[in-house]
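1. Build the 3D model from these lines:
(chains A and B)
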Amino acid sequence: MKNLKTIVLSNQEISPGYFRMKILAPGYSNASHPGQFVMFRVQRSLPPLLRRPFGIFRVGFMPADCDNMAAKEFIEIIYKVVGSGTEIMQGLHQGDPVELLGPLGTGFDCGDAAGEKILVGGGIGLVPLYSLAEQLVQTSRVRLLMGGRTRDDIITVTEFERLGVETYVSTEDGSLGEEGLVTRVLERKLDKYPDASVFACGPMPMIEAVQKICLRYEVPLQVSLEALMACGVGACLSCVVKGEGHSESEPHYLCTCTSGPVFAAEKLDWTHSEIKMVKNGGGK
Amino acid sequence: MIDSKGLDQQPELAVEIAGIKLKNPVMPASGTFGYGQEYAPYVDLNQLGAVVTKGLSLNPKAGNNTPRTCETVSGMLNAIGLQNVGVDAFIHDKLPFLQQFDSPVIVNFFGNTQEEYGEVAARLNDVPGVAALEMNISCPNVKHGGIIFGTDPEAAFSVISLVRKRTNKPLIVKLTPNVTDIQILARAAEDAGADVLSLINTLTGMAVDVKTRKPRLANTIGGLSGPAIRPIAVRLVHQVVQAVQIPVIGIGGISRAMDALEFLIVGAKAVQVGTANFVDPNAMTTIIAGLEEFCREEGIADINDLIGTLAV
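-> Residues are numbered from 1 along each chain as shown, chains lettered A, B, ... in the order given. This is a model prediction of the structure:
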């Protein structure tokens, strides 16, 4: 865990409004666990002032340039352009200096090896599920249910397929895959695989719907939450969520950055209709 | 290598405030550094002039609803709501970690009533490993119509006097900038027995999401910090230094050595770094290195020779 002054290796638009950035990241292959994130500093000058949190899509190696040279480690992040920070990010090119603080946070618990695993991703929420899938496919049957508003929101599904993940796509406008919400697909899959474990990341309404379904089917659920963060290390207390048993008189807040971003669903308080989260599209 | 002005030796960066020796004049601002432990993986706490804790209250405090922070132009608004573990849990669970380090520990605290302020100060008074107390007076007085202690000279004098009676530790009073004449408040704090003044706390501010028409903070109003407030902070430190005899710690938008130097030159004996810690966990150590480099380049053997040397 440290601050790494590094460079962008590539930065490409992979779907309208979605960019994929590869960043040189020595040390990340050993240090990083599926579900963790980085605090990304877009540039050393202002704006933006604060770093932005991004889930790690995957950690990989570039082939060595020549004999006797070590392969270069990199991480990939995927972001949606939603605000001033990501607008600057989309203009970054190979070689541009950036900083990474990480890997941070508590990632996924991969659970028992044998069981069925169902991943539910909504739009940009798909990002942290890829590293998880890489790990889960070693021992388990893995299915990905990917949802989006339109076909533009369906990203990197073929890469999951290459890992051996069975994928199911749904869009709200029917422009790709099945028409409707991803949660409908989840119910169908749970009817068929009642012993599955579920892992979800996406917009808050989707996560809440997934939580209700998993509760009804009595299957374990882990959710990866997005939150507005200033520090990423548990100091600023911007990113708190209400934990299980929270009440006005006995408050129980958890930091998304340190206790999360991945939480076992039972550790959170779902009674207050909404877990107060600020949707930031994978970092504004 | 070294020009005519340059210094051949290691410049002295140590300063002394209210009898506490700091190895350099740089410390975190309360609330931006947790209880120290959060940043220990990134920063060697022994390199800091002091460690300043998150503000503590008599009982644990839950804090506000989210969103609690938002970024603004060159700054950020926060309304965390003073979430903290409470003074007793701090003493038992958080302080032992800090005692591994040789940097003095300054404990920030606050209360909702005069009595609470006094009680927290008293509980910290005999605790070894607490070098000084920093009293946040930017809180509403719950028993007296919610008026902010720090904006009313009489209320400030009264609560500081009471705390003064409950502690023998050096007492730093942290002033709010949200007043018409800060010199009046500074003198009231000095008269009430403060050993040191620190300023500025955040400026109250507000931001609106124009699409939802909602305030961007759940609390509607928050405190503005970051580079945006630095010129205001420098001005206020300058004014307070003129008004009192006791030492002053400068705070407000410091993110580089050059920023810290502005405060020292107007007369601050030390500085606190806040929002910059969020941006870069190494901000303080980079600033310390930058101060040393500046002293070398400018031929300043002892940083104390720089303090209060504003040329006007």
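2. so what's residue B:37 closest to, chain neighbours aside?
-> Once flanking residues are discounted, residue B:37 sits nearest to residue B:97: 4.9 Å by C-beta to C-beta, 6 or more residues apart in numbering or on different chains. Heads up, the C-betas are built off the backbone N, CA and C, glycines and all.
3. List the residues that contact that neighbour.
-> Shown in contact with residue B:97 (C-beta atoms under 8 Å, 6 or more residues apart in numbering or on different chains): B:35-37, B:40.
4. Next step: these restricted to strands.
-> Among these, no member is found in strands (DSSP state E).
5. Turn the residues you listed into TSV, columns for neighbour count, pLDDT and distance to residue B:104.
-> Formatted as TSV, those follow (neighbours: other C-beta atoms under 10 Å in any protein chain shown; pLDDT from 0 to 100; distance: C-beta to C-beta, whole Å):
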residue	neighbour count	pLDDT	distance to residue B:104
B:35	23	97	15
B:36	24	96	12
B:37	17	96	16
B:40	18	96	16
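6. The nearest residue to residue A:31 once chain neighbours are set aside sits in which helix or strand?
-> Leaving aside its sequence neighbours, residue A:31 sits nearest to residue A:103 (C-beta to C-beta, 6+ apart; 5.5 Å). For residue A:103, the element it lies in under DSSP states H and E is strand A:97-104.
7. Look up the pLDDT of residue 136 for me, please.
-> No chain specified, so I'll use chain A. pLDDT, residue A:136: 95.
8. To clarify, I was referring to chain B.
-> Note on residue B:136: pLDDT of 96.
9. Same check on residue A:282?
-> 37.
10. gap between stretch B:279-286 and the chain center?
-> In terms of C-alpha atoms, centre = their mean, to the nearest Å, the gap separating the centre of stretch B:279-286 from the centre of its chain is 16 Å.
11. Also stretch A:167-182?
-> 20 Å.
12. That stretch: end-to-end distance?
-> Terminal residues of stretch A:167-182 are spaced 12 Å apart (C-alpha to C-alpha, to the nearest Å).
13. ok so, going back, correct me if wrong, but the residue nearest to residue B:37 is in a strand.
-> No. Assigned with DSSP: H, G, I helix; E, B strand; the rest coil, residue B:97 falls outside any strand and is helix.
14. Can you show me the helices along the chain?
-> No chain in the question, so chain A it is. A:28-31, A:84-89, A:129-136, A:157-162, A:182-192, A:204-217 (DSSP state H).
15. you looked at the wrong chain, it should be chain B
-> B:87-89, B:95-98, B:114-125, B:153-166, B:182-192, B:230-243, B:257-266, B:275-279, B:283-298.
16. Put together CSV for these, with mean pLDDT on each row.
-> Below are these laid out as CSV (pLDDT from 0 to 100):
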stretch, mean pLDDT
helix B:87-89, 96
helix B:95-98, 97
helix B:114-125, 97
helix B:153-166, 97
helix B:182-192, 98
helix B:230-243, 98
helix B:257-266, 98
helix B:275-279, 97
helix B:283-298, 97
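17. Near chain A, which residues of chain B are found?
-> Chain B comes close to chain A at residues B:31-34, B:38-39, B:41-42, B:62-63, B:65-71, B:73-76, B:78, B:80, B:83, B:218, B:226-227, B:275, B:277-282, as judged by C-beta under 8 Å from any C-beta of the partner chain.
18. now residue A:225: how far from chain B?
-> Counting by C-beta to the nearest C-beta, to the nearest Å, the gap from residue A:225 to chain B is 11 Å.
19. Measure how buried that residue is and give me the count.
-> Residue A:225: 20 surrounding residues under other C-beta atoms under 10 Å in any protein chain shown.
20. hang on, it packs against residue A:259?
-> No. Shown here, residue A:225 and residue A:259 do not form a contact pair, counting by C-beta atoms under 8 Å, at 10.1 Å.
21. Tell me how many other residues crowd residue 153.
-> Looking at chain A here, since you left the chain open. Residues lying near residue A:153 (other C-beta under 10 Å) number 26.
22. nope, chain B please
-> Applying other C-beta under 10 Å, we find 18 residues neighbouring residue B:153.
23. Same question for the one 10 residues further on.
-> Neighbours of residue B:163 under the rule other C-beta under 10 Å: 26.
24. which residues touch it?
-> B:117-118, B:121, B:133, B:135, B:171.
25. how does it look with 7 Å?
-> B:117-118, B:121, B:135, B:171 (C-beta atoms under 7 Å, 6 or more residues apart in numbering or on different chains).
26. just residue B:6 next, same as before
-> Here residue B:6 is in contact with B:296-297, B:299 (C-beta under 7 Å, 6+ apart).
27. for residue A:139, same thing?
-> Neighbouring residues of residue A:139 by C-beta under 7 Å, 6+ apart: residue A:113.
28. Okay then, goodbye and thanks.
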